[in-house]
Structure formats: structure tokens, C-alpha cells
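Undergrad: need a 3D model of the sequence below.
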Amino acid sequence: MGFHYKVEREQELEAGKSYMLVSNHTSMTDIMLMLALVRNPFVFVGKKELVKIPLFGFFYKRTCILVDRSSSKSRMEVFNRAQKRLAQGLSICIFPEGGVPDDESVLLDEFKDGAFRLALEHQIPIVPMTFPDNKKRFSYTFLSGSPGIMRAKIHHFVETKDHNADKKEIKELREQVRDIIYKQLLKFSNKKSA
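TA: The predicted structure is shown next:
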């Protein structure tokens, strides 16, 4: 597709260890870039509606934990399936915005709690990542995008050990990780993009 990635890593993932992988979400290429950057085995948590996309949907439903965001029962089942995958030593990837922001001018939407609750319950490190160029390379706007570099930054991990999975801790952790990604997006947007 003419995309090349350039990654800056502040910390390396250890083989055989489980992580909660999170990043901003602006494009279908976010999934591909995540797969290119992370060598540890992981599964995505993703919205059920994407199974309707021809060909992509076939593979998507076989490799992801699907969630029907309109169903509280489905959201609870996601936690059960994610816990099983974590127990198998896999990592989990969740885009905590819960989807691509509808408003093109929004730099980063509000984060949902799920990724942070799971990370706290399982005491696994959170790996914040920033993808500043994916929307420009391959957006949801018809006939937009271009080949080029997709930059990525893997930030220092946020530890969850010795923290409780109560509402206060979840909120603090969610805001801390969102702030890391948001500040990096601002830095990238002030630099000349590739």
C-alpha cells in the first residue's frame, strides 16, 4: 500500500509476558501497524460490526474478541474471554476510544474504562502507543490518503502492580495513559509530518 513505519521505542516488550496494548485510533491501518510493531502474541478486542466487511471480516472474527457495544452482557463476556487469553500468556490490544472519532477535528477522543480495568485486575503493564500519521495515510474519508511514513511511538510502560481495580484507580490510570498519548500527538502535530 506504500506505507512504511518508523518507530521510536522508550521501552521494549519482554517475550512471554502479557501486556495491555493501547493507542489512539484513527484508521484501519492502526490494526496493521500494531501487528507490525508488536512481536508478542496478542489479540484485539474489537467491535462486532466489523465482521460485515468482506474478506477482512472473515479473518477479524477468528482473531479478535468481539464486543457488541450496545449490549452490557456482551461487554461482560469480553472480560471473561480476555481473562482466558491473559491466562494463556497472551497480551490484549484495545483501542480505548471505543472507535474512530466521528469528528475529524478531534485529536483524541475520551477513553473508556475497559482496558484499564482489565490491566488492573490482572496486574499487567499498560503499553501506551501513539500513531500520529495513520489518518493522513488511510482515513475513513473516501478517496483520501497517500503512501508514506507512518510514525509510531511506544512509550514507557505504565505499571499496574500494587493498584486496586476500583473506580478511582481506573479513572486515574485511564487519564494518565490518555494524557501520555495526547501530549505526544500534540508534539507530533507541531512537527512537520512525513
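Undergrad: got the CA coordinates for the helix or strand of the chain with the lowest mean pLDDT in CSV?
TA: Here the helix or strand of the chain ranked lowest by mean pLDDT, DSSP states H and E is helix 134-137, holding a mean of 76. Once non-C-alpha atoms are left out, helix 134-137 reads as follows in CSV (Å, rounded to 0.1, in the frame of the first residue of the first chain):
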residue,chain,number,x,y,z
ASN,A,134,-2.4,6.8,10.1
LYS,A,135,-5.5,9.0,9.5
LYS,A,136,-3.5,11.0,6.9
ARG,A,137,-2.3,7.8,5.2
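Undergrad: other SSEs contacting the next helix or strand after that helix?
TA: With elements assigned by DSSP states H and E, the helix or strand that comes after helix 134-137 is strand 148-154. The contact analysis (3 or more CB pairs under 8 Å, 6 or more residues apart in numbering; DSSP states H and E) places strand 148-154 against strand 3-9, helix 29-37, strand 126-130, helix 134-137. Every residue, glycine included, has its C-beta placed from N, CA and C.
Undergrad: which helices and strands does the longest one pack with?
TA: Spelled out, it's helix 29-37. If you count contacts as 3+ CB pairs under 8 Å, 6+ apart, helix 29-37 packs onto strand 3-9, strand 20-23, helix 134-137, strand 148-154.
Undergrad: mean confidence score for it?
TA: The average pLDDT within helix 29-37 is 87.
Undergrad: which residues touch that helix?
TA: 3, 5, 7, 21, 23-24, 44, 93, 95, 129, 131, 134, 137-138, 150, 152, 154 (CB atoms under 8 Å, 6 or more residues apart in numbering).
Undergrad: look up how far Lys17 lies from Leu33.
TA: 21 Å (CB to CB, to the nearest Å).
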